[in-house]
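>>> Sequence and predicted model, in that order:
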Amino acid sequence: MSHYTMHDFTSPTFKANPFPAWEELRTTEPLYRFSVAEKLEAWMVTRYDDVQAILKDSRFIKNQESLLSEEQKAQAPTPSVTMNLLRYNMLATDTPDHSRLRRLVSKTFTPRMIEGLRDRIQQITDDLLDQVEKRGEMNLINDFAFPLPVTVICEMLGIPVEDREKFREWSNAILDQTGPFEERQEREAEEFAAYLRQLVAIKNERPDDRLVSQLVRVEEGGDRLSENELISMIFLLIVAGHETTVNLIASGTLALLQHPEQMRQLQADPSLIVSAIEELLRYTAPVIIGTGRWASEDIEMHGTLIPKGDMVLVSLMGANSDSGHFAAPTDLNITREEKEHLAFGKGIHFCLGAPLARLEGQIAIGTLLRRLPALHLRGDAQDLKWRPGLILRGLQELPVEF
Ligand code: HEM
């Protein structure tokens, strides 16, 4: 049976409290067919075991184009600039392209390499708090949760942090889409692509020891990275560095403010920060739904046929609030012992930036609670606005006082 947007997963009101919808779908319709956009239906999967199984199953693929016949490929419309930015990176490809692309950057993101950034991340965090401390209030997103991860990723890549408002506009425009690609989005993507090509030209002339320069050298070296792959890789790293950790820090802070006994426990014992961040990842779902996958053959699940070519989406928040896997899943419990949450995905596309996101989250929230112990919300939590879009879950603004 088909339902048409009975649940609008992209709407800000849905984002404010998604737990009941996931609970309903897990119990009544674990494979839920719905309309993502005009002429595009998909299956939403919400149970922990199913989500995990799909993420580990190579029959669910990322590169939809590989399912087309030569004839269909010839008839396909010329891909938009947005599509080109999105489709040549590791998150959009399958083995063996995926392994080749991921291997080029995996060393930079190992827990050991990331640990080497600890002092710098602490310094950026302290600088941001120095700037607001005397004011007694801030918009926690613009003043703290956003600039922190953005400064870190810009420094890792070797791109000017002054350009961050441009990236923010471009990447918000591309990610906040709720329907088919719009004209405005395509314009923003064109500007973003032009910026990235210019960046590559600059690094060609004046190489440094940062990640973009390293990748430019690989591309120069010939057949291991094409120009499209290079641009798409930098795009992915910028967007992932801009759009995710900001949500962990901001929604994580909100969750603690709404659970004062948990917040006091963490303030009393700062060593709980590591398990607290895992719980906040599970509970706040910075990436609420995994990126789209396609069935590469007919696949049966729970007695239902998922025909070859169909789109499948996995709800990471649905999996992480499954009472079959987590006791009292809608409770926030910073000392929770079950640690196998799926907030970073699973399988070959498991988040490359997980060690970085964890460290940034630990330092940001740990330092915030230590330096601004009187932190509280300004206004009513009911009035907070959430951003639209399918994949991410994050607040528009978070006004606080301290
Ligand atoms: C709290 C912060 C973050 C969360 C919750 C998160 C979550 C995720 C998830 C769920 C995926 C898999 C998506 C799927 O399979 O459909 C993913 C992939 C990825 N993430 Fe993150 N991410 C975070 C931060 C970061 C950061 C800071 C970076 C690095 C700059 C990053 C880089 C990537 C990359 C490159 C991939 C693609 C990996 C692949 O395809 O092999 N992420 N992330």
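Yep, it's here. This one's a predicted model, so the numbers in the text were calculated from it and none came from an experiment. Numbering: from 1, shown residues only.

>>> Name the residues of the stretch 251-400 of the chain found near the ligand, please.
286-287, 290-291, 316, 343-345, 349, 351-353, 356-357 (Cβ under 6 Å from any ligand atom). Glycine gets a C-beta too; all of them are placed from N, C-alpha and C.

>>> Scan those residues and report the most crowded one.
Counting neighbours by other Cβ atoms under 10 Å, Leu316 leads those with 28 neighbours.

>>> name the element the residue lying closest to that one once chain neighbours are set aside belongs to?
Excluding the flanking residues, the one nearest Leu316 by Cβ to Cβ, 6 or more residues apart in numbering is Leu342, at 5.0 Å. For Leu342, there is no host helix or strand (DSSP states H and E).

>>> swap in Trp294?
strand 293-295.

>>> Contacts for that strand, please.
Outside strand 293-295, the residues that touch it by Cβ atoms under 8 Å, 6 or more residues apart in numbering are 54, 59-62, 64, 67, 306-314.

>>> what distance separates that strand from the centre of its chain?
How far strand 293-295 lies from its chain's middle: 19 Å, per Cα atoms, centre = their mean, to the nearest Å.

>>> go on, stretch 245-253?
11 Å.

>>> Taking this protein, what residue is nearest to the ligand?
Proximity of the chain to the ligand (Cβ to the nearest ligand atom) peaks at Gly353, 2.1 Å away.

>>> Around the ligand, pick out the residues from the stretch 101-250 of the chain.
Counting by Cβ under 6 Å from any ligand atom, the stretch 101-250 of the chain sits next to the ligand at 102, 153, 236-237, 240-241, 244-245, 248.

>>> wait, which of the residues you listed is closest to Thr95?
Thr95 has its nearest neighbour among these in Arg102, at 10.0 Å by Cβ to Cβ.

>>> wait, doesn't that closest one sit right on Asn89?
No. Counting by Cβ atoms under 8 Å, Arg102 sits too far from Asn89 to count as a contact (9.6 Å).

>>> Does stretch 59-76 reach the ligand?
No. Stretch 59-76 lies apart from the ligand when judged by Cβ under 6 Å from any ligand atom; the minimum separation is 7.9 Å.

>>> mean confidence score for that stretch?
Mean pLDDT, stretch 59-76: 91.

>>> Could you do stretch 106-126 as well?
For stretch 106-126, the mean confidence score works out to 96.

>>> Then stretch 377-396?
Here stretch 377-396 scores 95 as its mean pLDDT.

>>> Need the contact partners of it.
With contacts defined as Cβ under 8 Å, 6+ apart, stretch 377-396 is touched by 9-13, 15-16, 18, 36, 137, 141, 175-178, 243-244, 246-247, 250-251, 254, 257-258, 284-291, 313, 317, 397-401.

>>> same check, this time on stretch 328-341
Stretch 328-341 is contacted from outside by 19, 255-256, 258-259, 262, 265-266, 272, 275-276, 278-283, 320-323, 325-327, using Cβ under 8 Å, 6+ apart.

>>> how long is it from one end to the other?
Using Cα to Cα, to the nearest Å, the end-to-end distance of stretch 328-341 comes to 14 Å.

>>> Quick check: buried residues in it?
By neighbour count with 16 or more other Cβ atoms under 10 Å, stretch 328-341 contains the buried residues 329, 332-334, 336, 341.

>>> Please identify which pair of the residues you listed lies farthest apart.
Spatial extent of these (Cβ to Cβ) is set by the pair Pro329 and Ile334 at 14.3 Å.

>>> For the stretch 101-250 of the chain, which segments count as helices?
With DSSP state H, counting those that start in this stretch as the criterion, the stretch 101-250 of the chain has helices at 111-115, 118-133, 140, 147-157, 164-175, 183-205, 211-220, 227-243, 245-258.

>>> can you confirm Glu337 is in a helix?
No. Secondary structure of Glu337 (DSSP: H, G, I helix; E, B strand; the rest coil): coil, not part of a helix.

>>> now it: how far from Glu261?
Per Cβ to Cβ, to the nearest Å, Glu337 is found 18 Å from Glu261.

>>> Same question for Glu190.
For Glu190 relative to Glu261 (Cβ to Cβ), the value is 50 Å.

>>> Have a look at the two and say which one is more surrounded.
Glu190 (15 against 8).

>>> In contact with the more buried one, which residues are there?
Per Cβ under 8 Å, 6+ apart, neighbours of Glu190: Val81.

>>> Next: the one 4 residues further on.
Ala194 sits next to no residue when contact means Cβ under 8 Å, 6+ apart.
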